[in-house]
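>>> Sequence first, predicted model second:
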Amino acid sequence: MKHFLSVDDVKNIDALANQALEYKTQRFKDKASGQGKTLGMIFLNPSMRTRMSTQIAARNLGMEVIVFNLDKEGWQLEFADGVVMNGDKAEHVKEAAAVMGQYVDILGIRTFPGLVNRKDDYSELVINQFVKYTGKPILSLESATVHPLQSLADIVTIKESFKEKRRPKIVLTWAPHVKALPQAVPNSFAEWINAWGEADFVITHPEGYELDEKFSGHAKIEHNQDKALEGADFVYVKNWSSYKDYGKIVNSDPSWTFTNKKLAHTNDGKVMHCLPVRRNLVIADEVLDGPNSIVVQEAGNRVWSAQAVLRELMVNS
Ligand code: AN0
Ligand code: CP
C-alpha cells in the first residue's frame with residue numbers, strides 16, 4: 001500500500017478488516033515494527049476521533065507521533081501553481097509538503113471540501129498536492145470526497161456484529177441537519193460496501209441528494225425511507241449536502257430524523273453513525289440511548305482500523 005487515500009488502495013478489504021480485528025485482541029503484537037518511525041498528522045479542520053484513535057494506533061505499533069493543527073498554528077498554504085503570492089498565503093504546498101516529508105515517515109492529512117466549487121473539491125487538489133510533493137506515504141484522515149479510515153472501521157464493526165450465515169442488508173439513510181456537510185462519509189461508505197461485495201446495499205434519501213454515481217455504484221436507490229428500511233440488519237445514518245445542487249441544503253424534512261418508529265421497520269437493525277451526531281436532529285435520543293445503537297463500538301474500532309492501515313503503510317509502501 002503506497003498511500004491510503006481511498007478503497008482503491010486496498011487489495012483485500014476482508015484481510016485488512018481481519019487484521020484490525022486481530023489488533024483488537026492483541027494490540028501490541030507488532031509494537032517493534034514502528035520503532036524509530038514517525039507519523040505526522042496535520043489538521044486543516046476539527047477532529048476528535050480520527051485524531052485520537054490514529055495516535056493510539058501509531059503508538060501501539062511503537063511509532064512516534066507529531067500532531068499539527070495546520071489551520072490554527074501553521075502558515076497559510078497556497079495550493080495553486082504559478083500564482084504571485086502577494087495575498088495572505090505565506091508558503092506554498094510545494095515547500096511545506098517537501099519539508100514535512102523530511103521529518104516524518106508517514107503523513108496524515110485532514111482536509112474538508114469548500115462545498116462551493118464541485119470541480120475543485122472532487123479533484124482532491126489539497127491531498128493530491130501532498131501526494132505529489134511529500135515523497136512519503138500519505139494517509140487520508142478524511143479528504144474532500146472520502147473518509148476511508150472511517151469506512152474501514154464501519155466494515156470492521158459490521159463484520160464483528162453480524163454472525164449469521166447470510167448476506168446482511170445494509171441501508172445508508174440521509175437525515176436532516178442544520179449545516180451543509182460534506183458527501184465524504186456517505187461516498188466512502190458506499191464505495192467500500194460496494195467494493196466489499198458482501199451485503200445487499202440500499203441507499204435512501206430525499207430527491208436532490210443523489211450521490212456521485214462513482215461512489216453509489218450499483219446500490220439500489222429508494223426514495224421512500226420506510227420502504228428502504230424494511231428488513232435492514234444495519235442502518236447507517238448520515239446527513240450530507242447536495243452533490244447535484246452542489247453544497248446546498250435542498251430539503252430538511254424532519255420526518256427523515258431516525259427514530260424508534262423508523263427502527264421498527266428494520267430487522268432489529270443495528271444503528272451506525274460516524275459521529276459527531278446531533279441528537280434529535282439526525283438520530284433521536286431513544287435510538288442513541290437504546291440497545292440497537294452501536295455508534296460507540298464503531299468509534300472504538302477506529303483504533304484497530306487505523307493500526308491495520310499504518311502497519312500496511314510501513315511494511316508495504
Ligand atoms: C464531518 C462530515 O460530515 O464530513 C466529519 C464527520 C467525521 N461532520 C461534521 O462536520 C459535523
Ligand atoms: N468520525 C470522525 O472522523 O470523527 P472526528 O471528526 O471526530 O475525527
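Cool, got the structure. Ligands and ions are numbered 1, 2, ... in the order given.
>>> Show me where this structure has its strands.
38-43, 64-68, 77-78, 91-92, 106-110, 138-140, 169-174, 200-204, 220-222, 234-238, 270-272 (DSSP state E).
>>> Redo the ones you listed as CSV? Include mean neighbour count.
Every C-beta, even on glycine, is put in place using the N, C-alpha and C of the backbone. Listed next are the strands of the chain as CSV, based on neighbours: other C-beta atoms under 10 Å:
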stretch, mean neighbour count
strand 38-43, 22
strand 64-68, 15
strand 77-78, 20
strand 91-92, 16
strand 106-110, 26
strand 138-140, 27
strand 169-174, 24
strand 200-204, 22
strand 220-222, 15
strand 234-238, 25
strand 270-272, 25
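>>> Let me have those strands in JSON lines, extended by mean pLDDT and distance to N128.
Output for the strands of the chain, formatted as JSON lines (pLDDT from 0 to 100; distance: least, C-beta to C-beta, whole Å):
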{"stretch": "strand 38-43", "mean pLDDT": "98", "distance to N128": "15"}
{"stretch": "strand 64-68", "mean pLDDT": "98", "distance to N128": "20"}
{"stretch": "strand 77-78", "mean pLDDT": "97", "distance to N128": "14"}
{"stretch": "strand 91-92", "mean pLDDT": "98", "distance to N128": "15"}
{"stretch": "strand 106-110", "mean pLDDT": "98", "distance to N128": "10"}
{"stretch": "strand 138-140", "mean pLDDT": "98", "distance to N128": "9"}
{"stretch": "strand 169-174", "mean pLDDT": "99", "distance to N128": "26"}
{"stretch": "strand 200-204", "mean pLDDT": "98", "distance to N128": "27"}
{"stretch": "strand 220-222", "mean pLDDT": "98", "distance to N128": "29"}
{"stretch": "strand 234-238", "mean pLDDT": "99", "distance to N128": "25"}
{"stretch": "strand 270-272", "mean pLDDT": "99", "distance to N128": "29"}
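>>> where does the stretch 101-250 of the chain have low pLDDT?
Counting by pLDDT under 70, the stretch 101-250 of the chain shows no low-confidence range.
>>> G108 bridge partners, please.
M41, L139 (DSSP bridges).
>>> looking at the strands of the chain, which is closest to I158?
Smallest distance to I158 across the strands of the chain (C-beta to C-beta): 5.8 Å, for strand 234-238.
>>> Using TSV, please lay out the strands of the chain together with distance to R49.
Output for the strands of the chain, formatted as TSV (distance: least, C-beta to C-beta, whole Å):
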stretch	distance to R49
strand 38-43	12
strand 64-68	14
strand 77-78	25
strand 91-92	29
strand 106-110	11
strand 138-140	14
strand 169-174	19
strand 200-204	24
strand 220-222	29
strand 234-238	15
strand 270-272	14
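>>> For ligand 2, which of the ones you listed is the nearest?
strand 106-110 (7.5 Å; C-beta to the nearest ligand atom).
>>> For that closest one, which helices and strands make contact with it?
strand 38-43, helix 93-103, helix 125-134, strand 138-140, helix 295-315 (3 or more C-beta pairs under 8 Å, 6 or more residues apart in numbering; DSSP states H and E).
>>> tell me the most buried of these?
strand 138-140 (a mean of 27; mean count of other C-beta atoms under 10 Å).
>>> who touches that strand?
Strand 138-140 has contacts (C-beta atoms under 8 Å, 6 or more residues apart in numbering) with 3-6, 39, 54, 106-109, 127, 130-131, 146-149, 309-310, 313.
>>> Swap in 6 Å and give it another go.
The contact list for strand 138-140, computed with C-beta atoms under 6 Å, 6 or more residues apart in numbering, reads H3, F4, L5, I106, L107, G108, F130, V131, P148.
>>> Could you measure from the residue nearest to F162 when sequence neighbours are not counted over to I158?
Sequence neighbours aside, P168 is the residue nearest to F162 in space, at 5.0 Å (criterion: C-beta to C-beta, 6 or more residues apart in numbering). For P168, the distance to I158 equals 7 Å [C-beta to C-beta, to the nearest Å].
>>> Those two: who's more crowded?
I158 (24 against 20; other C-beta atoms under 10 Å).
>>> can you tell me how far that one sits from ligand 1?
I158 sits 18 Å away from ligand 1, going by C-beta to the nearest ligand atom, to the nearest Å.
>>> which residues does that residue contact?
F234.
>>> run the last query once more with 7 Å
Contact analysis of I158 by C-beta atoms under 7 Å, 6 or more residues apart in numbering lists P168, F234.
>>> Give the residues shared as contacts by P168 and I158.
F234.
>>> what number of residues lie near whatever residue of the stretch 151-300 of the chain ends up closest to ligand 2?
The minimum distance from the stretch 151-300 of the chain to ligand 2, using C-beta to the nearest ligand atom, falls at C274 (3.9 Å). The number of residues packed near C274 is 25, by other C-beta under 10 Å.
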